[in-house]
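Asker: dropping the sequence and predicted coords here.
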Amino acid sequence: MILRDDVIQVGRLLKPYGIRGEITLLFDKPEYGDIDTEYYFLEIEGIFVPFFVEEMTFSSDAAARVKFEDVGNEAQAARLSKLPAFLHREATNGVSQQTPADWDAFIGYSIVQTNGERLGTIKDVDSATINVLFVVDTDKGELLIPATEDFILAINEGAKTMQMDLPEGLVE
């Protein structure tokens, strides 16, 4: 049985591409895309399951369309969307582990809502579960906000701000 300590997250699956069961894989680092592997592990109900690569086409240095064996249509691929992709730690030995995960780069950014109101500052990223959360320090205390591209409207790296369109009730 593969344990969490045996693997390292190398990216995440986004949305299906086409009707043949292909899905977009976004790598956390471009170097992970250079690793020649026959399979990626996906965590399904707490178990790391190997998904064998049938075909892979790179669309950029950090993204590829992947066709996994036994995933033959858009509906099957959609069930895998938003899952993190893992490799054995040994397979990533040549890749530096020193850089932070994507979401960690936003620690210290201020969150601004669509109405222009400053909500708070991201003080940490909780990636203990499949749903990564921003830990936001607000005037009213700590707030957990899902770290998802669906809510992010704009990022200003110079001003260290992130404009977000958050669902009603999330910040109350």
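Answerer: Happy to help now that I have it. Numbers count the residues shown, from 1 in each chain.
Asker: so who does the residue nearest to Thr138 when sequence neighbours are not counted touch?
Answerer: In this structure, Thr138 finds its nearest non-sequential neighbour in Gly120, 3.5 Å apart by C-beta to C-beta, 6 or more residues apart in numbering. Where C-beta positions appear, they are placed from N, C-alpha and C, glycine not excepted. Contact analysis of Gly120 by C-beta atoms under 8 Å, 6 or more residues apart in numbering lists Ser110, Ile111, Val136, Asp137, Thr138, Asp139, Leu143.
Asker: repeat that for 6 Å
Answerer: By C-beta atoms under 6 Å, 6 or more residues apart in numbering, Gly120 lies in contact with Ile111, Val136, Asp137, Thr138.
Asker: for Val66, same thing?
Answerer: Ile23, Leu25, Met56.
Asker: ok, now Ala64?
Answerer: Leu25, Met56, Phe58.
Asker: just the ones in strands from those residues, please.
Answerer: Among the contacts of Ala64, the ones falling in strands (DSSP state E) are Leu25, Met56, Phe58.
Asker: show me which of those residues are buried.
Answerer: Neighbour counting with 16 or more other C-beta atoms under 10 Å marks Leu25 as buried within those.
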